[in-house]
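>>> what's the 3D shape of this:
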Amino acid sequence: RKDLKVMGIKKKLHLKENGSSKSKSDAAPYVLSKNEKKIFCKRLAKLRLPDGYCSNLANRVSLQDNKIMGLKSHDCHVLIQQILAIALKGLLPKGPRIAIFRLCSFFHQLCQREIEKKTIDVLDEEIAETVCMFERFFPPSFFDIMVHLLIHLAQEALIGGPVHYRWMYPFKRFMKDLKGYVKNRSNPEGCIAEKYMAEEMTRFCSVGYIKGAAEIGVQTRRNEDFEHETILEGRPLGEGKIKVFSSSMLEIAHRFVWTNSSEVDPWREMHRKELKCSDTRLEQDENLLEQRHLSTFSGWLDDKVKYGDSRDMSETVKWIACQPKADVVSHTGFIINGNRFQTEASEKSTQNSGVFVEADTMCRASARDNLQKMDRVSYYGVIRDIVLLDYRQFKVPLFDCYWANIGT
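Residues are numbered from 1 along each chain as shown. Down below sits the predicted model:
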């Protein structure tokens, strides 16, 4: 504050001397009030992120002291890219808040896996404006060499490529492994060399000469889905509970399976052609054709397997043509495509129940509109239950979700 007075800038932040040894000053615009600190820490404490996204930030927040402590470099990385702009919403005055939001947006776009040259040029211009906005609200002591480095990050990405090929996380993890090799502190270099050579020889022998041996030093991913004998994709978490589907729910689940199976698509197209040949009205009315197709295809495919020519039909399609069992296995968690999903009721410190899907849906402009058309619509929901639909030879995982009404 004394520097501001010497420089003759930001007079509102100058120290106010009252003749005694103590002096007072107004709060800086970038400082959170006591109530705002409490709100900010509560938002971080209640934040639930997907499994493996980052560490549990709730353990790093003290609601009693309104402090954040013990953050690792990756936690800071996630905060400035994704969380800070949301956690500060409605806090701080408008000027410094917008400046911080622009800085978060800069890092978010800069750290993408793919970035275009046009985007880099825009970021290069915007970061200079962002730093100028920071100069309006923050004191001169804030602007050290690290803040000045922001000006050069966009050009560095233009020369060196995307950031994730050049950051230090892999090297930090490797240095941690090397530190673990040290058992004799008087000769750390020798311990590291001997342990590294031993692991290298063991890895070479296990990969080249020992069949079925696990590779040394390579950990299996926590959310890796292994091949299963009966489940087509993914793997469940824990033991499931058997439940019985009603006839209507079983029909909905079965319809979802054959409408989203690529192996069934050629037979669906064949069924549409037969419907058009049997009724000329369907050639002109796509809506009526789709409704007739959805209501009759399951029975048509079943008859095709029983009485028709099914030589060109795969075994998977033949079993899909049969109705699945009404007895399904319900699970609270499931891993598929490297992602962990859990039902809403089973979640604790992480949030893995949110889902997003784009689907072809019959749409119309309003309730009075009789003209419908197929369009791709985005759906957002929360997982209510995870079931394995049994087709006797294999099982298909299905997510039962609460879907949000995005129209209101």
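
>>> tally of neighbours for Thr350?
The number of residues packed near Thr350 is 15, by other C-beta atoms under 10 Å. All C-beta spots, glycine's among them, are computed from the backbone N, C-alpha and C.

>>> repeat for Leu237
16.

>>> please apply the same query to Pro236.
Counted with other C-beta under 10 Å, residues neighbouring Pro236 total 22.

>>> could you measure from it over to Phe356?
Going from Pro236 to Phe356 by C-beta to C-beta, to the nearest Å gives 21 Å.

>>> just Glu229 next, same as before
Taking C-beta to C-beta as the measure, Glu229 falls 30 Å from Phe356.

>>> can you give me the helices for the stretch 1-150 of the chain?
For the stretch 1-150 of the chain, applying DSSP state H, counting those that start in this stretch gives helices covering 2-7, 34-45, 73-78, 84-87, 94-110, 117-137, 145-148, 150-160.

>>> out of these, nearest to Cys401?
Taking C-beta to C-beta as the criterion, helix 84-87 is the member of these that comes nearest to Cys401, at 23.6 Å.

>>> state the mean pLDDT of that closest one.
Model confidence over helix 84-87 averages 88 on the pLDDT scale.

>>> and the helices of the stretch 1-150 of the chain: which comes nearest Ser298?
Across those (criterion: C-beta to C-beta), the nearest stretch is helix 84-87, sitting at 44.7 Å.

>>> residue ranges with poor pLDDT in the stretch 1-150 of the chain?
1-2, 17-24, 26 (pLDDT under 70).

>>> first-to-last residue distance for stretch 324-334?
By C-alpha to C-alpha, to the nearest Å, the extent of stretch 324-334 from end to end equals 20 Å.

>>> typed the wrong thing, it's stretch 224-243
Start and end residues of stretch 224-243 are separated by 27 Å (C-alpha to C-alpha).

>>> so which bits of that stretch are buried?
Applying a neighbour-count criterion of 16 or more other C-beta atoms under 10 Å, the buried positions in stretch 224-243 are Asp225, Ile231, Gly234, Arg235, Pro236, Leu237, Gly240.

>>> check stretch 263-279 too.
Neighbour-count burial for stretch 263-279 [16+ other C-beta under 10 Å]: Val264, Trp267, Arg268, His271, Arg272, Leu275.

>>> and for stretch 35-54?
Along stretch 35-54, these residues count as buried under the neighbour rule (16+ other C-beta under 10 Å): Lys37, Ile39, Phe40, Cys41, Arg43, Leu44, Leu47, Arg48, Leu49, Pro50, Asp51, Cys54.

>>> try stretch 300-316
Buried residues in stretch 300-316, counting neighbours by 16+ other C-beta under 10 Å, are found at Trp300, Leu301, Asp302, Lys304, Val305, Met313.

>>> how far out from the middle of the chain is it?
Taking the mean of its C-alpha atoms, stretch 300-316 sits 40 Å from the chain's own mean (C-alpha atoms, centre = their mean, to the nearest Å).

>>> got phi/psi on Ile242?
Taking degrees, to the nearest 10, you get phi -80, psi 130 for the backbone angles of Ile242.

>>> show the subsequent helix or strand relative to whichever strand in the chain runs longest.
The single longest strand within the chain, with elements called by DSSP state E, is strand 373-390. In the C-terminal direction, the helix or strand that comes right after strand 373-390 (DSSP states H and E) is strand 395-403.

>>> now do that following strand: which elements does it pack against?
The helices and strands touching strand 395-403, judged by 3 or more C-beta pairs under 8 Å, 6 or more residues apart in numbering; DSSP states H and E, are helix 247-259, strand 333-336, strand 373-390.

>>> please convert the helices of the stretch 1-150 of the chain to JSON lines, extending it with distance to Val382.
JSON lines is the format used below for the helices of the stretch 1-150 of the chain (distance: least, C-beta to C-beta, whole Å):
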{"stretch": "helix 2-7", "distance to Val382": "50"}
{"stretch": "helix 34-45", "distance to Val382": "20"}
{"stretch": "helix 73-78", "distance to Val382": "23"}
{"stretch": "helix 84-87", "distance to Val382": "19"}
{"stretch": "helix 94-110", "distance to Val382": "25"}
{"stretch": "helix 117-137", "distance to Val382": "33"}
{"stretch": "helix 145-148", "distance to Val382": "41"}
{"stretch": "helix 150-160", "distance to Val382": "37"}
